[in-house]
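K.L.:
Sharing a model prediction with you, sequence too.
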Amino acid sequence: MISSLAKWTGGSWTTLPAASVRGFCFDSRKVSEGDIFVALKSERADGHNYVEKALESGACLSLIHISEPTRRYAIS
């Protein structure tokens, strides 16, 4: 799955994750160890502002939609 994720999203890897992926999470407050944090942008909030928090909370990578990834294990 991990090797196909960039292809499915039309993005590219900055670095491949060392940890096993366990699931996906859209809320940085609910991230569990091994989750992929999906940074969504809405009218109320921009998930990209919470990428660092999600990674610190155990996310093994982040799925982002900006041109310059902010940190490790990201697909942009």
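P.N.:
That came in fine, so what should we check first? From a predicted model like this one, the values you see are computed outputs, not experimental measurements.

K.L.:
Do a quick rundown of the helices in this structure.
P.N.:
Under the criterion DSSP state H, helices of the chain are mapped to 2-9, 51-56.

K.L.:
out of those helices, nearest to Cys25?
P.N.:
Nearest to Cys25, of all the helices of the chain, is helix 51-56, at 7.3 Å by Cβ to Cβ. Yep, even glycine has a C-beta here, placed from its N, CA and C like the rest.

K.L.:
As JSON lines, the helices of the chain with distance to Val21 would be great.
P.N.:
As requested, the helices of the chain are exported to JSON lines (distance: least, Cβ to Cβ, whole Å):
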{"stretch": "helix 2-9", "distance to Val21": "6"}
{"stretch": "helix 51-56", "distance to Val21": "14"}
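
K.L.:
Lys41 reaches Gly47, doesn't it?
P.N.:
Yes - between Lys41 and Gly47 there is a contact at 6.4 Å, judged by Cβ atoms under 8 Å.

K.L.:
Pick out whichever of these two has more residues nearby.
P.N.:
Gly47 (20 against 13; other Cβ atoms under 10 Å).
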